[in-house]
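A.B. asks: fold the following and give me the result.
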Amino acid sequence: MVVSETLRMYPPLGFLNRMATKNYKVPKYDLVIEEGTPVYISILGLHYDAEYFPNPDIFDPERFKKRNKRKRPSGVYLPFGEGSHECIGRRFGLIQIKLTLLMILSKYEVESCAKTSVKIDPREPMSLPLNGVLYLNVRKLNTNAI
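C.D. replies: Numbering: from 1, shown residues only. Down below sits the predicted model:
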């Protein structure tokens, strides 16, 4: 749940790009997306939409409990894309994230500090802190203690 919430708040990419495969009339609007038109889907826009994720600026892993996930429509949580265009490295990436966290957190205590920016730059193609640097305090744990 913690990894899922982190990927919601800080997705690897801010948007997905697709191509319309047929004409599509947008409901409630006088707009037709024509076949062949590039379409950009804002992952950040979906992940921070309070309709799908109440209090979106608050880190809340509980929103990924099964009962809470069932309340959301499919297609609003897209850290790796979805469907036939989903990132091929999704499973590997999730395993790598979890193993890395296990290795780091079993030996170190990691905390944010006063210089840590939690806001990301939505103009960047990859999720980066606004200042481009992620500051953390790291302290080695006494692994010999029982």
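A.B. asks: residues in contact with the one helix or strand Leu99 maps to?
C.D. replies: Secondary structure assignment for Leu99, by DSSP states H and E: helix 90-105. Helix 90-105 has contacts (Cβ atoms under 8 Å, 6 or more residues apart in numbering) with 3, 12, 80, 87, 110. Every residue, glycine included, has its C-beta placed from N, CA and C.
A.B. asks: show me what contacts the third one?
C.D. replies: Read that as Phe80. 12, 86-87, 89-90, 93.
A.B. asks: related to what we said a few turns ago, which ones among the contacts of helix 90-105 map onto strands?
C.D. replies: Val110 (DSSP state E).
A.B. asks: in this protein, where is pLDDT below threshold?
C.D. replies: Residue ranges of the chain with pLDDT under 70: 118, 120-132, 145-146.
A.B. asks: domains in it, by residue range?
C.D. replies: 1-106, 107-145 (the TED database).
A.B. asks: highest mean neighbour count out of those?
C.D. replies: domain 1-106 (a mean of 13; mean count of other Cβ atoms under 10 Å).
A.B. asks: what's the span of that domain from first residue to last?
C.D. replies: 19 Å (Cα to Cα, to the nearest Å).
A.B. asks: quick one: it to chain centroid distance?
C.D. replies: In terms of Cα atoms, centre = their mean, to the nearest Å, the centre of domain 1-106 is found 6 Å from the chain centre.
A.B. asks: and what of stretch 104-124?
C.D. replies: That offset, for stretch 104-124, works out to 15 Å (Cα atoms, centre = their mean).
A.B. asks: can you start the count at 50 instead of 1 from here on
C.D. replies: With 50 as the first residue, the last one maps to stretch 153-173.
A.B. asks: need the nearest residue in space to Pro105, chain neighbours excluded.
C.D. replies: Tyr97 (4.3 Å; Cβ to Cβ, 6 or more residues apart in numbering).
A.B. asks: can you check Tyr184 too?
C.D. replies: Closest to Tyr184 by Cβ to Cβ, 6+ apart is Lys164, at 4.1 Å.
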